[in-house]
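1. Give me coordinates for this.
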Amino acid sequence: MSLLGLANELLVAIAERLDSAKDINALASTNRRLYHLLVALLYRHNAQWCDSSALFWAARNGRPETIRRAITTGARVHDHPLLPLAAENGRDAVVRLLLDTDGVDLAAVDESEWTALPAAARQGHVGVVVMLVEAGADLRTGYTGWTPLNVAANSGHLDVVRFLLDNGADVGAPSDNGWTPLKSAACNGHCAVVKLLLEKGADVEAAADRGWTPLHSAANSGHGDIVGLLVDYGADTSSATVDGWTPLTLAADKGMIDAVRMLLLKGADIALACGNGWTPLTLASDSGHVEIVELLLQSGADVTSTCNHGWTSLSLAAGAAHAALVKLLLDRGADIRATNDAGWSALLTASDRGHREVVQVLLDNGADVRAANRSGWTALHAAAENGYLEIAKLLVARGAESMAGNRSGWSPFHVAAHNNRADVVGFMLSVPGMDIDHKDNNGRTASFHAAMRGHSDVVDLLLCAKAVADVEDSYGSTALLAAARNGHEDVIIRLLDAGARCSDSVGGFGRSILWWAYRSGEIRVFRLVERNAPPDGLDYTEVDATIVRFVEDSCWCEICTRCTVLGTTSYECPTCDGGCFLVCAECYESGMRCRDRDHELVPHQCNRME
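-> Prediction:
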């Protein structure tokens, strides 16, 4: 007997013994009789073992006949979020079928917590929206407080917005974070939606989190047409967010020229600064928006205006490498000599940040190459500190002094050596008038600075150029002693090869170089010094002394040159070297002070890298 000669009950029993839907489907597909006989089994199997994936497929792809067939086989379609899925995908026929099925839940949510109405509204499926609203879907609830109207406005679906408003949606209902439909539409550039909402009475000044109004959002996003529309409906161009941002400062900062132009046309205050003192002009200058800067200047912006701490538009543009903008500002009367509160000029700022083209422009326009800030720092100091060789060459060619001292007496030459800028040191050695053994306020030479910081290549360079190896500083320390204190083995080797003597390295502390080498915590350094220094009478197997290791990025003591111990209290003189004179706890407790004993030192907590 053939398979088809069996009774229906036996055929179903056989199919039920099959393990996979694929096998059942293959059997059902052999002829019409088996298909109609086994279709219910297929849906039951899919529900039991595949979590009703067929229903989800049908809802997503608009196959109402599949869902209808599943219903006839007893499928519980409302146990699954089919309605939000069909609504999101604009499947009108499936939505209608589900709405006509007993037990439909209009508030059912999908895995992302979206209900059907906001899901359809977000995608602009107006036909589905109409069906859902007519079926009684709630116009007030949605995803995280976003109503159907809000999501439709956010996506710019004008027909959906109009239908929802005509059917009672609240034009001003905010989301959980305060976004109204008007703000959503304004932020995303949906001008027609904005106009409709305004005509329906939306509050033009309704603010969301941090005080952002629709006008702030439109300006920040650069939608000039919407900016104009909002202002025409009464939006305040001077309103500020909680953080002090006005619409004009936002647009200027982001480079939104259409919004800037419209705000100026509508009377926005061109000089009104945001909360931190930044004006539209300083913001646009810092961000490099040449067209906006030109527009602001044409509209009357003060080219000399400053933001907090006295930064001018010129200095901001110079510091951000906007050479074309620097030229524009100079052409429009910017003061090339102006400085911020700390005395930083545009030239110093550009040099500090390595912007050679800007430095060239400023020098060509008369910038004072020798001007210093309140700490005595010149443009050449800044270039030397950061290793900007080409800028250093340019500055020296224009008259910068490589031996000019800052408030600590550090010349650019000292600075380059201290910061391991060998290329700059090498260049400066070729500058006429260079004094290789020039001393700072502590009596330290460039070779001393390089030695104390462990820069062996710079030490080599200076020794080859005949730097004196054993010059004492104001505290009786030599470069060799400073290198031993900080555990710099390579530097010690070079200094010894150059003739420095351990026997001469005692310093003003009354301790031998062996003592300091031991306390560096570097056993190789101690052994090296031990081989070259006379005995000091101490048994270092029994010495109990605090180890202070060199940490390149930590604070360091101006007296002993060692790194301060992180987490301990040091002492700082607010006067000497402009407040940069630091004394470690050990030196302080031994009676050491700054250059003037009448100065009062204040505690300094060394708890971070500086």
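
2. only C-alpha atoms for contact and neighbour calcs from this point on.
-> Will do.

3. per-domain residue ranges of the protein.
-> For the chain, the structural domains run 436-445+462-548, 551-610, going by automatic domain parsing.

4. Out of the ones you listed, flag the one nearest S184.
-> Taking CA to CA, domain 551-610 is the member of the domains of the chain nearest to S184, at 44.1 Å.

5. now the closest one: how far from the chain's centre is it?
-> 32 Å (CA atoms, centre = their mean, to the nearest Å).

6. same question, stretch 88-103
-> Counting by CA atoms, centre = their mean, stretch 88-103 comes out at 47 Å from the chain centroid.

7. Now for the closest residue to L363 other than its chain neighbours: which residues touch it?
-> Closest residue in space to L363, ignoring its immediate chain neighbours: V369 at 7.3 Å, by CA to CA, 6 or more residues apart in numbering. V369 makes contact with 347, 363, 378-379, 395, 398-400 under the criterion CA atoms under 8 Å, 6 or more residues apart in numbering.

8. Per-residue pLDDT of V369, please?
-> Looking at V369, its pLDDT reads 98.

9. And the residue lying closest to G333 once chain neighbours are set aside, how close does it get to L264?
-> Leaving aside its sequence neighbours, G333 sits nearest to V303 (CA to CA, 6+ apart; 6.9 Å). For V303, the distance to L264 equals 17 Å [CA to CA, to the nearest Å].

10. higher neighbour count, the two?
-> The neighbour comparison of V303 against L264 (other CA atoms under 10 Å) goes to V303, with 20 against 16.

11. before we move on, what SS does the more buried one have?
-> For V303, the assignment made with DSSP: H, G, I helix; E, B strand; the rest coil gives coil.

12. can I assume it is in contact with S315?
-> No. Using CA atoms under 8 Å, V303 is not in contact with S315; the gap is 11.4 Å.

13. can the contacts of V369 go into TSV with extra columns for secondary structure?
-> Output for the contacts of V369, formatted as TSV (three-state DSSP):
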residue	secondary structure
L347	helix
L363	helix
T378	strand
A379	helix
L395	helix
R398	coil
G399	coil
A400	coil
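
14. Sort out which of these are buried, if you could.
-> 347, 363, 378-379, 395, 400 (16 or more other CA atoms under 10 Å).

15. Show the average pLDDT along stretch 141-152.
-> pLDDT averaged over stretch 141-152 gives 89.

16. where exactly do the helices run in the stretch 151-300 of the chain?
-> 158-166, 181-187, 191-199, 214-221, 224-232, 247-254, 257-265, 280-287, 290-298 (DSSP state H, counting those that start in this stretch).

17. Helix 214-221 and the third one, what's the angle between them?
-> With axes from the mean of the first three to the mean of the last three CA atoms, to 10 degrees as the basis, helix 191-199 and helix 214-221 are set at 170 degrees to each other.

18. who does helix 191-199 touch, helix- and strand-wise?
-> Here helix 191-199 touches helix 158-166, helix 181-187, helix 224-232, going by 3 or more CA pairs under 8 Å, 6 or more residues apart in numbering; DSSP states H and E.

19. so which of those comes closest to C606?
-> Comparing the helices and strands packed on helix 191-199 by CA to CA, helix 181-187 comes nearest, at 46.7 Å.

20. and the closest one, what's its mean pLDDT?
-> 98.

21. hey, C-alpha coordinates of that helix in PDB?
-> The C-alpha trace of helix 181-187 is given here as PDB (Å, rounded to 0.1, in the frame of the first residue of the first chain):
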ATOM      1  CA  PRO A 181       7.100  68.100  19.300                       C
ATOM      2  CA  LEU A 182       8.200  71.600  18.300                       C
ATOM      3  CA  LYS A 183      11.700  71.200  19.600                       C
ATOM      4  CA  SER A 184      12.000  67.800  18.000                       C
ATOM      5  CA  ALA A 185      11.000  69.200  14.600                       C
ATOM      6  CA  ALA A 186      13.100  72.300  15.000                       C
ATOM      7  CA  CYS A 187      16.200  70.300  15.900                       C
END
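
22. Which residue is the nearest non-sequential neighbour of H414?
-> A446 (4.7 Å).

23. and if you look at T141?
-> That would be T147: by CA to CA, 6+ apart, it lies 5.2 Å from T141.

24. next one: G499
-> G499's closest residue in space is A469 (CA to CA, 6+ apart), at 7.1 Å.

25. I336 now?
-> I336 sits nearest to A367 (CA to CA, 6+ apart), 6.1 Å away.

26. ok so the one you found is a strand residue?
-> No. Assignment of A367 by three-state DSSP gives coil, placing it outside any strand.

27. Please list all residues in contact with it.
-> A367 sits next to 336-337, 347 when contact means CA under 8 Å, 6+ apart.

28. hang on, the earlier thing: you'd agree the residue nearest to H414 is up against D437?
-> Yes. Using CA under 8 Å, A446 makes contact with D437 at a distance of 6.8 Å.

29. okay, those two: which has more neighbours?
-> A446 (28 against 19).

30. Tell me, what's the model's pLDDT at that one?
-> 98.

31. Now do the phi/psi pair for it.
-> A446 adopts backbone torsions of phi -60, psi -40, taken as degrees, to the nearest 10.

32. Please list all residues in contact with it.
-> 413-415, 417-418, 436-439.

33. Just give me the residue closest to the centre of the chain.
-> Centroid-nearest residue in the chain, with CA atoms, centre = their mean: S287, separated by 14.5 Å.

34. Which residue comes closest to it once chain neighbours are left out?
-> Spatial nearest neighbour of S287, excluding adjacent residues (CA to CA, 6+ apart): D253 at 6.4 Å.

35. any idea how far the one you found is from A317?
-> From D253 to A317 the distance is 13 Å (CA to CA).

36. For A350, see how far away the nearest residue to G366 once chain neighbours are set aside is.
-> Closest residue in space to G366, ignoring its immediate chain neighbours: I336 at 7.6 Å, by CA to CA, 6+ apart. From I336 over to A350 the distance is 12 Å, taken as CA to CA.

37. Could you do W516 as well?
-> For W516 relative to A350 (CA to CA), the value is 41 Å.

38. Tell me which of those two has more neighbours.
-> A350 (30 against 24).

39. what bits of the protein have low per-residue confidence?
-> The chain contains residues with pLDDT under 70 at 1-53, 73-75, 504-508, 607-610.

40. Am I right that Y571 sits in a strand?
-> Yes. Using three-state DSSP, the assignment for Y571 is a strand.
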